[in-house]
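> Just a sequence and a predicted model for now, questions to come.
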Amino acid sequence: MVSQKMPFFAHSFSLIPMHRIHRILLFTLFVFAVESLFGQSAAVLDTLADRFALLVQLSQSSNYEQAQVEVEFLRDFLNRNDLPITPPALSLMSKVYKANQDERSASQLLAEAELDARHDPDFTTKAALLKTLVQECRKWERPDQALICQQLLAVAQDSLTVRERRMDKLGMQRQFDSLATLRQREMAERGKFFSIEKEKAWLYAVLGGLFLLTLMVWASRSDSRWRKRMQKKEQEWDIMRANLQHDADANLISAAVEAAQSAQASTHTSLDQYTVYHGPKPEQICLLIEPNRQVVLYLKSLLSDRFQIETANSPTEALQMASEMLPDLIVCDVLINGNAGIEIARQIKLSERTNHIPVVLLTDKFGNEGKLDALRAGADAWFTRPVIDDEFDASVQRLLDARKAKHEQFSRFLQLYFSENRVQLNDPFLLQTVQMIEHNLANPDFMADDIARKLQLTKTHYVKKLKVLTGKEPVQLIREMRLEKAKVLLEKRAGTPQAISELVGFSSPGSFGLAFKEYFGENTLLLYSLPPSRL
């Protein structure tokens, strides 16, 4: 295959100027990469080489309109032959779309490239494609997709590093085995030329045995002596640690008792609504991103009555747990093992998967500097260490109450959605959900799976995020929107109750009437028969 293409490249080098030779080399690498990785037929590779060569020539001549036509042909050819997009092809096609300002086609191209990278089992080619994809996403100003690709690139590079370390370990093991074998051969060769008399050998053995026995006795006594000393030192250290821990516990207990007494004394005069939390058994989850164990224990004592506590000690573990668990609250320190915890909080707030989670930032700065850290991270609240329990409890309670207020605001929005007094909704996630439900009200089989699929989320993640933002399950939200729409239609007398039940997706008029009665407390026929003056 390589010998058939050499005349073509030699002729190209003789005609193309020197400053464009690197583009031909790029094209050559593209063809060889596809041929070596996927083993396609000669006809497919020749066609692919010709199309790529034509695309390079059109790009060099700045004929970007015709180049975009060739790009579409090339993408269709790759799809039909199940060939992935290579980094050189991705850069060149993105350049053509950039010249033609075709953002929509570029978005599709980047999505296809990301899918190819996800499906590529070879971490080397996967890392190369993801690296090029990150650069192109940044050129197209797509930070979310660039962040996702950057995370995939980090995983691929980590896998490559692990594989390289494994190969180095195997190589070192082989070298060690070879050295051991050589050593054995050397000793065997020495044994051929070395001899000693039997009597002398026994004498040397006895002397050596006596020396070893003496050495072992001395070592045993010395080891016993040092062991006793170490045990004594360890006991002293344990006593010191116990005393220090006892003093610290006594201080904490005294502080807690004083705080409880002061809180009890102030309760008789005025009761702060955020001081005491009356709630059910903890069902919500709080993620503590804090390496200091003492701070973790203290925060657990403040939050364990309202949350199930999970902890993370490193940035990677924190981001992974936040993405997988989707906790109801995150408390993050600004410094985690020398790294910036602000960046962790910022990534949590930028991610579409976790941006709805309230984040509380713990900083060692005061005043405007601490507030600046919180603003940089996008945190919902911030505290200066050491944390004061009353203020911390009050702020956490405010975050929980703010969530309930959002639930009530969304319920108000839902009641007015189909009326002329509709209010605005600023959350893109909720707005897309409501619009998709509105467009599928007549479909009785429309479920939460369809919404999650269109939003490119898993059903579990979609259900939990919707429950956090609205306090409603997807099935409940769909049912309430159908009933609110039905009420508006009945008041306008847009049709009979039976016809309206079909318009809003109910399988039978009977189930529609029961649901309407349960939700509004009114009968559909009675509401339909009321005169306009009473509506």
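Yes, it's here. Numbers count the residues shown, from 1 in each chain.
> Any buried residues in stretch 376-394, and which?
377-384, 387, 389-390, 392-393 (16 or more other Cβ atoms under 10 Å). For every residue, glycine as well, the C-beta is placed using N, CA and C.
> Can you check the distance spanned by that stretch, start to finish?
Criterion Cα to Cα, to the nearest Å; first-to-last residue distance in stretch 376-394 is 23 Å.
> What is the neighbour count of Gly513?
17 (other Cβ atoms under 10 Å).
> Using PDB, write down the CA coordinates of the helix or strand harbouring it.
Taking DSSP states H and E as the criterion, the element that holds Gly513 is helix 509-520. These are the backbone C-alpha positions of helix 509-520, laid out as PDB (Å, rounded to 0.1, in the frame of the first residue of the first chain):
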ATOM      1  CA  PRO A 509     -62.500  10.300  30.800                       C
ATOM      2  CA  GLY A 510     -63.000   8.500  34.000                       C
ATOM      3  CA  SER A 511     -59.400   8.600  35.100                       C
ATOM      4  CA  PHE A 512     -59.300  12.300  34.000                       C
ATOM      5  CA  GLY A 513     -62.400  13.100  36.100                       C
ATOM      6  CA  LEU A 514     -60.900  11.400  39.200                       C
ATOM      7  CA  ALA A 515     -57.600  13.100  38.800                       C
ATOM      8  CA  PHE A 516     -59.200  16.500  38.300                       C
ATOM      9  CA  LYS A 517     -61.400  16.100  41.300                       C
ATOM     10  CA  GLU A 518     -58.400  15.000  43.500                       C
ATOM     11  CA  TYR A 519     -56.200  17.900  42.300                       C
ATOM     12  CA  PHE A 520     -58.700  20.800  42.200                       C
END
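> Give me the mean pLDDT for it.
What helix 509-520 shows for mean pLDDT is 80.
> got the buried residues for that helix?
Neighbour counts over helix 509-520 (16+ other Cβ under 10 Å) mark Pro509, Phe512, Gly513, Ala515, Phe516 as buried.
> With stretch 121-134 instead?
Along stretch 121-134, the positions that meet the burial threshold by neighbour count (16+ other Cβ under 10 Å) are Phe123, Thr125, Lys126, Ala127, Ala128, Leu129, Leu130, Lys131, Thr132, Leu133, Val134.
> Nearest to Asn79 among these?
Ranking the buried residues of stretch 121-134 by separation from Asn79, with Cβ to Cβ as the measure, puts Leu129 on top at 16.1 Å.
> Report the contact partners of that closest one.
If you count contacts by Cβ atoms under 8 Å, 6 or more residues apart in numbering, Leu129 has them with Pro84, Ile85, Thr86, Pro87, Leu90, Ala113, Asp116, Ala117, Asp120.
> Please report how far it lies from Lys349.
Taking Cβ to Cβ, to the nearest Å as the measure, Leu129 falls 28 Å from Lys349.
> returning to that earlier point: and the buried residues of helix 509-520 as JSON lines, adding distance to Phe211?
Formatted as JSON lines, the entries for these read as follows, by distance: Cβ to Cβ, whole Å:
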{"residue": "Pro509", "distance to Phe211": "105"}
{"residue": "Phe512", "distance to Phe211": "101"}
{"residue": "Gly513", "distance to Phe211": "103"}
{"residue": "Ala515", "distance to Phe211": "96"}
{"residue": "Phe516", "distance to Phe211": "101"}
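> still on that earlier bit, can I get the buried residues of stretch 376-394 in CSV including secondary structure?
Formatted as CSV, the entries for the buried residues of stretch 376-394 read as follows, by DSSP: H, G, I helix; E, B strand; the rest coil:
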residue, secondary structure
Ala377, helix
Gly378, coil
Ala379, coil
Asp380, coil
Ala381, strand
Trp382, strand
Phe383, strand
Thr384, strand
Val387, coil
Asp389, helix
Asp390, helix
Phe392, helix
Asp393, helix
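> With distance to Thr316 and pLDDT added, can I get those residues in JSON lines?
Listed next are these as JSON lines, based on distance: Cβ to Cβ, whole Å; pLDDT from 0 to 100:
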{"residue": "Ala377", "distance to Thr316": "18", "pLDDT": "71"}
{"residue": "Gly378", "distance to Thr316": "20", "pLDDT": "78"}
{"residue": "Ala379", "distance to Thr316": "20", "pLDDT": "78"}
{"residue": "Asp380", "distance to Thr316": "23", "pLDDT": "81"}
{"residue": "Ala381", "distance to Thr316": "25", "pLDDT": "80"}
{"residue": "Trp382", "distance to Thr316": "23", "pLDDT": "77"}
{"residue": "Phe383", "distance to Thr316": "25", "pLDDT": "79"}
{"residue": "Thr384", "distance to Thr316": "27", "pLDDT": "77"}
{"residue": "Val387", "distance to Thr316": "25", "pLDDT": "74"}
{"residue": "Asp389", "distance to Thr316": "30", "pLDDT": "72"}
{"residue": "Asp390", "distance to Thr316": "34", "pLDDT": "77"}
{"residue": "Phe392", "distance to Thr316": "27", "pLDDT": "81"}
{"residue": "Asp393", "distance to Thr316": "30", "pLDDT": "82"}
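> roughly how far apart are Asp122 and Ser224?
When distance is defined by Cβ to Cβ, Asp122 is 59 Å away from Ser224.
> Please tell me how far the residue nearest to the spatial centre of the chain sits from Ile357.
Centroid-nearest residue in the chain: Ser323, 4.5 Å away (criterion: Cα atoms, centre = their mean). Ser323 sits 10 Å away from Ile357 when distances are taken as Cβ to Cβ.
> now swap in Lys459 and tell me
Counting by Cβ to Cβ, the gap from Lys459 to Ile357 is 19 Å.
> Comparing the two, which shows the higher neighbour count?
Ile357 (21 against 14).
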